[in-house]
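Colleague: What follows is a predicted structure for the sequence shown.
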Amino acid sequence: MGAANLACGGAAQKLKRTLMPTLPGCLALGGVAVCTWVSFRLGQTFAFTGFLYLVFVVLAALYGGFWQATVISVAAAACLNYYFVPPIFSFANSPANWVALGAPAFAEGPTAGPGGRRGPARHGAALRNLAADTAAG
């Protein structure tokens, strides 16, 4: 019985290690979905909802990395275009709105970067170094 529990625990740990890196992206995607529903029900504007989407893209970039932020950015742009850009319930778009729809994609680049994850661990190390320098000096 002990070996069975150990094998089950090992499988759970492996599953946890596999799924934990995708958690920030999944939470941000859920946030975009909830934000879309609430903003549409409350009759919010394109600009307000786009800013909320931008917050989720930046959070996904900080905690999940470049690729998760890219997925969130595409999903947010699609939701913004479909639900908030006239004509609503259509992906037809005027050329003037393409720049606004691309804003989340431009925001993720400096935040996550294609070189890898630049998340709280890196920022935390920089803050610890700054605090140590301040305390020493």
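Modeller: Cool, the structure landed.

Colleague: Could you check the helix or strand where Ser73 lies and say which residues are buried?
Modeller: For Ser73, the host element (DSSP states H and E) is helix 66-84. For helix 66-84, burial by neighbour count (16 or more other CB atoms under 10 Å) applies to 66, 68-73, 75-77, 79-81, 83-84. Where you see a C-beta, it was placed from the backbone N, CA and C, and this is true even at glycine.

Colleague: closest to Phe40 among those residues?
Modeller: Tyr83 (5.2 Å; CB to CB).

Colleague: Could you double-check that that closest one sits in contact with Val38?
Modeller: No - with contact defined as CB atoms under 8 Å, Tyr83 does not reach Val38; the gap is 11.4 Å.

Colleague: helices or strands up against the helix holding Ser73?
Modeller: helix 23-42, helix 46-64, helix 95-101, helix 103-112 (3 or more CB pairs under 8 Å, 6 or more residues apart in numbering; DSSP states H and E).

Colleague: okay, now the closest residue to Phe84 other than its chain neighbours: neighbour count?
Modeller: Leaving aside its sequence neighbours, Phe84 sits nearest to Phe46 (CB to CB, 6 or more residues apart in numbering; 4.5 Å). By the criterion of other CB atoms under 10 Å, Phe46 has 17 neighbours.

Colleague: wait, Phe46 sits on Tyr82?
Modeller: No - using CB under 8 Å, Phe46 makes no contact with Tyr82, being 11.7 Å away.

Colleague: buried stuff in stretch 50-69?
Modeller: By neighbour count on 16+ other CB under 10 Å, the buried set for stretch 50-69 is 50, 52-66, 68-69.

Colleague: swap in stretch 30-50?
Modeller: Neighbour-count burial for stretch 30-50, with 16+ other CB under 10 Å as criterion, is recorded at Gly31, Val32, Cys35, Thr36, Ser39, Gln44, Phe46, Thr49, Gly50.

Colleague: In a markdown table, list those residues along with distance to Gly10 and pLDDT.
Modeller: Formatted as a markdown table, these follow (distance: CB to CB, whole Å; pLDDT from 0 to 100):
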| residue | distance to Gly10 | pLDDT |
| --- | --- | --- |
| Gly31 | 32 | 96 |
| Val32 | 34 | 96 |
| Cys35 | 38 | 96 |
| Thr36 | 39 | 96 |
| Ser39 | 43 | 96 |
| Gln44 | 47 | 94 |
| Phe46 | 49 | 86 |
| Thr49 | 44 | 93 |
| Gly50 | 45 | 90 |
